[in-house]
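> Have a look at this prediction, sequence included:
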Amino acid sequence: MKAKIVILIVIFFSVFGCSRLSEVGTVPEFTPAETSAEAVAMRRVSHKATGHSALNERGSLWGVGRHSLLGDRRAKGLGDILTVVIEIDEGAEISNSSSRSRNAKEDLQIGAALGLPDIINPLLPGEGSLDNAADMNSSSQSNGNGSISRNESLELKVAATVVDVLETGILQIQGSQEVRVNFEVRELFITGFVRPEDINRFSEVTYERIAAARISYGGRGHISDVQQPRYGQQVADILLPF
């Protein structure tokens, strides 16, 4: 049984280790953009863009088409591109303080009940007496203090693509960006739902107007790899009870 466990552990670490060893001395690869949801949406032709009226408005100076001088170029259809502005500057501070104290004292006296003190007192050593049969004191005190301080600051812009238009007119957007510097790739990913009226005339939308927003900003490469604990340590942290 122990031999089987050892073999399974060796296989586990070999599989994960080999996958990481293949990256030694090489730069992290980009995620293929051709198969992303944005690229698929841009390849799908929207029926609104192929209408006869849209073609006629292309050469009109005062038309309302997207290609005219006064046309609305905001993203509103499948495959359209808009800019998501992410400016997060938030801070939170919580402080709690509590104090509690309690004092209690109890005395129990038998007195002359059934004549027991008169019978037992002469038998007790020294000045022992049953007149005060029990005397109990208790006290407790508790103090607690806690504080939480958090600050987040993030300023980014990323181009996102309309990957779907819901029946209600809400736009589902998705955007991704990868920047490689030396042996480190910085990744930015955002997805969510936007109302067309929340997109300004520059085809921009701020992150607080994105419903169900999912924003991920991180990296992968040599620096990120060093900052992560080893596989063995991660497994030990999960399995060990202490």
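Done, it's in. Numbers count the residues shown, from 1 in each chain.
> Strands along this protein, start to end?
Assigned by DSSP state E, the chain shows strands spanning 81-109, 132-165, 171-181, 184-194, 204-206, 211-221.
> Export the ones you listed to a markdown table and append columns for mean neighbour count, distance to residue 120 and mean pLDDT.
(Glycine included, C-beta is placed from N, CA and C.) Formatted as a markdown table, these follow (neighbours: other Cβ atoms under 10 Å; distance: least, Cβ to Cβ, whole Å; pLDDT from 0 to 100):
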| stretch | mean neighbour count | distance to residue 120 | mean pLDDT |
| --- | --- | --- | --- |
| strand 81-109 | 11 | 14 | 78 |
| strand 132-165 | 12 | 10 | 79 |
| strand 171-181 | 18 | 89 | 92 |
| strand 184-194 | 18 | 83 | 92 |
| strand 204-206 | 18 | 86 | 93 |
| strand 211-221 | 14 | 79 | 88 |
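> got JSON lines for those, with distance to residue 75 too?
Supplementary listing: the strands of the chain in JSON lines, determined by distance: least, Cβ to Cβ, whole Å:
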{"stretch": "strand 81-109", "distance to residue 75": "4"}
{"stretch": "strand 132-165", "distance to residue 75": "6"}
{"stretch": "strand 171-181", "distance to residue 75": "7"}
{"stretch": "strand 184-194", "distance to residue 75": "8"}
{"stretch": "strand 204-206", "distance to residue 75": "8"}
{"stretch": "strand 211-221", "distance to residue 75": "16"}
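> To residue 125, which of those lies closest?
Closest of the strands of the chain to residue 125 is strand 132-165, at 16.1 Å (criterion: Cβ to Cβ).
> what angle sits between the closest one and strand 211-221?
For strand 132-165 and strand 211-221, the angle between their directions (axes from the mean of the first three to the mean of the last three Cα atoms, to 10 degrees) works out to 90 degrees.
> other SSEs contacting strand 132-165?
Other elements packing on strand 132-165 under the criterion 3 or more Cβ pairs under 8 Å, 6 or more residues apart in numbering; DSSP states H and E are helix 37-43, strand 81-109, strand 171-181, strand 184-194.
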